[in-house]
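Student: fold the stuff below for me.
(one chain, ligands or ions: 2)
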Amino acid sequence: MAGQEVDGAIDRQSEQAAMRRGFILILSSPSGAGKTSLTKALKADKDAGLEVSVSVTTRPKRSNEIAGQDYDFIAVEDFQRLREHDDLLEWAEVHGNFYGTPLRPVEKHLAAGTDMIFDIDYQGTRQVRDKLGRDVVTVFILPPSMRELRSRLERRAQDSKETIERRLENARVEIERWGEYDYVIVNEDLDRSLAGMRAILTAERLRRDRQTGLPDFVDGLLAENAVG
Ligand SMILES: Nc1ncnc2c1ncn2[C@@H]1O[C@H](COP(=O)(O)OP(=O)(O)OP(=O)(O)O)[C@@H](O)[C@H]1O
Ligand SMILES: Nc1nc2c(ncn2[C@@H]2O[C@H](COP(=O)(O)O)[C@@H](O)[C@H]2O)c(=O)[nH]1
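Tutor: Numbering: from 1, shown residues only. Ligands and ions are numbered 1, 2, ... in the order given. Below is the predicted model of the structure:
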């Protein structure tokens, strides 16, 4: 019996040590640098423990996209309604279309202590950082070269020639925002970039101020020491 109580105390201490506040990991980059590829790879990796935010957009669906999974594709009037009702955590006009992050799922996941990943532009990143401060971790993804960026957009073969040119023209303005981010990854090799993302996740999860159970855990440790 005494042994079980001791085991129970240890279990409770482990639970306290594991308690954490959830955070939002934001990825931004010029179009084609690899945010979606990295986000999908992390989503597929159950060990990463990340919920992916599904944005709403007024952009037309690409042939390889699934509505409700890649985006919720909505009309401009519906987008305006979401904005007016404060249903978006952030929103921006990017490459001539509107994009926004629905607020409710974010509130739900963060309250449950689940970390989330956002693929959003620098304008949205500023809004989320202003609202949520230290619960936000930001990563900027750079392409290895502008030539490779163009080649990735062309190889993806999902946008018209005009759309690709417009995105490449906007790339300079976006790249110039790199200094506003906590971490920067040059996405040359996808596996190496993924390893970098996992390292960021691990380090951020170990931050002292995110481990909300630590004070009780340490109290337990010290009490144990006093007895023993
Ligand atoms: N490290 C890499 N090496 C080679 N190709 C890559 C790499 N990372 C991504 N790609 C390819 O480049 C293309 C663009 O990648 P992706 O769609 O992930 O970019 P993105 O940053 O999400 O773009 P957008 O902002 O337009 O959504 C895709 O075809 C993807 O397979
Ligand atoms: N501010 C926001 N930006 C977003 C959101 N969802 C996507 N994006 C950004 O838009 C561009 C283009 O994306 P694409 O899928 O059309 O290629 C890219 O920079 C995304 O990061 C959002 O909810 N808010």
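
Student: quick check: residues of the protein near ligand 2?
Tutor: Within the chain, the residues that sit near ligand 2 (C-beta under 6 Å from any ligand atom) are 28, 31, 35, 55, 59, 90, 92, 94-95, 99-101, 119-121, 123-124. Using the backbone N, CA and C atoms, a C-beta is placed for each residue, glycine as well.

Student: count the neighbours of residue 29 for me.
Tutor: 28 (other C-beta atoms under 10 Å).

Student: tell me the spacing between it and residue 86.
Tutor: To residue 86, residue 29 is 28 Å away according to C-beta to C-beta, to the nearest Å.

Student: then residue 58?
Tutor: For residue 58 relative to residue 86 (C-beta to C-beta), the value is 18 Å.

Student: the two: who's more crowded?
Tutor: Taking other C-beta under 10 Å, residue 58 and residue 86 do not tie; residue 58 has more neighbours (19 against 8).

Student: dump the residue contacts of the more buried one.
Tutor: Residue 58 makes contacts with 73-76, 79, 97-99, as judged by C-beta atoms under 8 Å, 6 or more residues apart in numbering.

Student: from those, which land in strands?
Tutor: Mapping the contacts of residue 58 onto strands (DSSP state E) picks out 73, 97-99.

Student: of the residues you listed, closest to residue 147?
Tutor: residue 97 (26.0 Å; C-beta to C-beta).

Student: got the contact list for the closest one?
Tutor: Applying C-beta under 8 Å, 6+ apart to residue 97 gives the contacts 57-59.

Student: distance to residue 65 for those - can I get that in JSON lines?
Tutor: As requested, the contacts of residue 97 are exported to JSON lines (distance: C-beta to C-beta, whole Å):
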{"residue": "57", "distance to residue 65": "10"}
{"residue": "58", "distance to residue 65": "14"}
{"residue": "59", "distance to residue 65": "10"}
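
Student: picking up where we left off before, drop anything exposed from the residues of the chain next to ligand 2.
Tutor: Among the residues of the chain next to ligand 2, those classed as buried by neighbour count (16 or more other C-beta atoms under 10 Å) are 28, 31, 35, 55, 59, 90, 92, 94, 99-101, 119-121, 123-124.

Student: from the residues you listed, which ones fall inside helices?
Tutor: 35, 123-124 (DSSP state H).

Student: quick check: residue 104 vs residue 85, distance?
Tutor: Residue 104 is 11 Å from residue 85, by C-beta to C-beta.

Student: should've said residue 160
Tutor: Residue 160 is 33 Å from residue 85, by C-beta to C-beta.

Student: how about this structure: which residue is closest to ligand 2?
Tutor: Using C-beta to the nearest ligand atom, residue 124 is the residue of the chain that sits closest to ligand 2, at 2.5 Å.

Student: tell me where this structure has strands.
Tutor: Under DSSP E, the chain gives strands at 24-28, 50-52, 56-57, 72-73, 88-94, 97-102, 115-119, 136-142, 183-186.

Student: can I get those in JSON lines with distance to residue 205?
Tutor: Compiled in JSON lines, these are given as follows (distance: least, C-beta to C-beta, whole Å):
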{"stretch": "strand 24-28", "distance to residue 205": "10"}
{"stretch": "strand 50-52", "distance to residue 205": "11"}
{"stretch": "strand 56-57", "distance to residue 205": "29"}
{"stretch": "strand 72-73", "distance to residue 205": "29"}
{"stretch": "strand 88-94", "distance to residue 205": "22"}
{"stretch": "strand 97-102", "distance to residue 205": "22"}
{"stretch": "strand 115-119", "distance to residue 205": "8"}
{"stretch": "strand 136-142", "distance to residue 205": "10"}
{"stretch": "strand 183-186", "distance to residue 205": "14"}
